[in-house]
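[1] structure for this input, please:
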Amino acid sequence: MLAAASNEQLPVIVGCLCLWYGVTRKRPVFGASLFATGLALTVVDFLIVPHFNTSGTNPFVGRYTAVGGTAGGIVKTLLLHPLKAAEVIPTGHKLAYLALLFIPLLGLCFRAPLLLFAALPPLAINLLSSSSDQTSVASHYAATTAAILFGATIIGAARVRDPERVSLVVLCAVLVTAFLSPFWTAVPVARDAIMGSPLVSAERHAVSLIPDGVPVSASNIIGGHLSNRRQILLFPVIRGAEWIAVDTADMEGAAPFRPEVEQLRRRGTFVTVYESNGVVVMRRR
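    Numbering: from 1, shown residues only. Modelled structure (predicted):
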């Protein structure tokens, strides 16, 4: 229940894990019933997401336009036009994403195919999206997939009976992970955090300009540093906000935010306080 409450796609993933549990522990009715429950909860979650958006639409529709847009449209495309859905997957970026997920695990996860089935929902959600952030191993979108893959890899390694072979496989996996992860992912982030960059400096200054406690609307990454207040909104929602802090190139939304910022300037309800490297801070007049 805790997992299912954290994300709209988690209930069906938990349901897949219960299906694996039911089959491997010879409790098929138990596993099937929880799988059905998880699937139903995810369907309900997808249906009610638009209700809580100020525009009344799903905020992620733009990411899935090529495959139907809405949850119902995506299901229809997958069932009636599967080739159309498959056309959006084989891009260089997405193939690299799959390679970075599976190659470091040396294919051991495929030795536990039933458990690996639980990775299909998050993989499908990410691969069908046009947002590059959803197909990046450095993004939180890869977290649920990685968790399933590691679990399947552990069980897959246990099914390799040759101890010497297991030792070699584990050694190779550790070496690949030890060299790939810190140098490819962590070093650029650590460098910017420690030494700074024009964008990071602009974001830090923007955060310092916002008074404590005032209602603020912020883009996702900047908003993470302004959340300790009673009211915060995710830009471009500005209802009740006294201040705005936004990185106009932030791709956490369906598209960069510069058009929304320019529209606010034309309206004249907010005055620009600071602007640098695409980071804009505005205050209500």
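[2] ok, residues contacting the helix or strand of the chain with the lowest mean pLDDT?
    One helix or strand of the chain scores below all others by mean pLDDT, DSSP states H and E: helix 187-195, with a mean of 73. With contacts defined as Cβ atoms under 8 Å, 6 or more residues apart in numbering, helix 187-195 is touched by L199, V200. The C-beta positions use only the backbone N, C-alpha and C, and glycine is treated the same way.
[3] quick one: it to chain centroid distance?
    How far helix 187-195 lies from its chain's middle: 22 Å, per Cα atoms, centre = their mean, to the nearest Å.
[4] residues contacting F257?
    S219, F235, P236, V246, D247, T248, A249, D250.
[5] again, only using 7 Å
    Residues near F257 by Cβ atoms under 7 Å, 6 or more residues apart in numbering: S219, F235, P236, V246, T248, D250.
[6] same thing with L108?
    Counting by Cβ under 7 Å, 6+ apart, the residues that L108 touches are T153, G156, A157, V169.
[7] what average pLDDT does stretch 24-41 get?
    Mean pLDDT, stretch 24-41: 93.
[8] list the buried residues of it.
    Buried residues in stretch 24-41, defined by neighbour count with 16 or more other Cβ atoms under 10 Å: G31, L34, F35, T37, G38, L39, L41.
[9] quick one, phi psi at H81?
    H81 adopts backbone torsions of phi -130, psi 60, taken as degrees, to the nearest 10.
[10] how many other residues sit next to it?
    13 (other Cβ atoms under 10 Å).
[11] checking my notes, N228 in a strand, right?
    No - judged by DSSP: H, G, I helix; E, B strand; the rest coil, N228 forms no part of a strand; its state is coil.
[12] three-state assignment of V280?
    Of the three states, V280 takes strand under three-state DSSP.
[13] who's it bridged to?
    V246, E275 (DSSP bridges).
[14] just the one 4 residues further on next, same as before
    Using DSSP bridges, the bridge partners assigned to R284 are F270.
[15] low-confidence ranges, the chain, go.
    Low-confidence segments of the chain (pLDDT under 70): 54-57, 181-186, 250-256.
[16] in it, which helix is the longest?
    helix 28-48 (DSSP state H).
[17] next, count neighbours for A146.
    Neighbours around A146, by other Cβ under 10 Å: 14.
[18] now it: closest residue in space that isn't a chain neighbour?
    L101 (6.9 Å; Cβ to Cβ, 6 or more residues apart in numbering).
[19] who touches the one you found in this structure?
    L101 neighbours (Cβ under 7 Å, 6+ apart): V137, A142, T145, A146, L149.
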